[in-house]
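A.B. asks: Quick one: sequence and predicted model below, then my questions.
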Amino acid sequence: MEAEKGTLATVDETELPSDRVADLVEYIVCGLVDDEDSVSLDVTDSEGSSLIEVSCSEEDAGRVIGRKGRTIKAIRTLARALGQRVGTSVEVEVVG
């Protein structure tokens, strides 16, 4: 068991804070769309902030954005909250 814990700690040290936020965003978006294979995220890191661009099919973009933008607003709120916990500022954009 000790060797496994050491290995996991090494993996976590190389992970960027934005990776955890991107994983959350990807999990939420994949749960919303019909075509999960078309979902991709492009993460751009800069000093203390990250931009996560979500690409999906045209049909699914409406689901991700939601009525009056409520769904994407909720996704952004969750992403910013996790980003604050891991020490980075996060912005999420949908690229249909």
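C.D. replies: Okay, I see it. Since we're looking at a predicted model, the values are computed, not measured. Numbers count the residues shown, from 1 in each chain.
A.B. asks: So what sits opposite residue 43 in the bridge?
C.D. replies: Beta bridges link residue 43 to residue 52, judged by DSSP bridges.
A.B. asks: so it makes contact with residue 50?
C.D. replies: Yes: at 6.1 Å, residue 43 and residue 50 qualify as touching, with contact defined as C-beta atoms under 8 Å. Backbone N, C-alpha and C define where each C-beta goes, glycine included.
A.B. asks: Can you list the low-confidence ranges for this structure?
C.D. replies: 1-13 (pLDDT under 70).
A.B. asks: now with 80?
C.D. replies: 1-15, 96 (pLDDT under 80).
A.B. asks: just so I have it, where are all the helices in it?
C.D. replies: 2-14, 17-32, 58-65, 70-86 (DSSP state H).
A.B. asks: Common neighbours of residue 43 and residue 50, please.
C.D. replies: Each of 18, 22 lies in contact with both residue 43 and residue 50 under the rule C-beta atoms under 8 Å, 6 or more residues apart in numbering.
A.B. asks: So if I had to pick from those two, which one is more boxed in?
C.D. replies: The residue with more neighbours, out of residue 43 and residue 50, is residue 50; 22 against 15, by other C-beta atoms under 10 Å.
A.B. asks: pretty sure the more buried one contacts residue 42?
C.D. replies: No: between residue 50 and residue 42 there is no contact under C-beta under 8 Å: 10.8 Å.
A.B. asks: looking at it, residue 34 is touching residue 60, isn't it?
C.D. replies: Yes: using C-beta under 8 Å, residue 34 is in contact with residue 60, at 6.1 Å.
A.B. asks: Cool, thanks, talk later.
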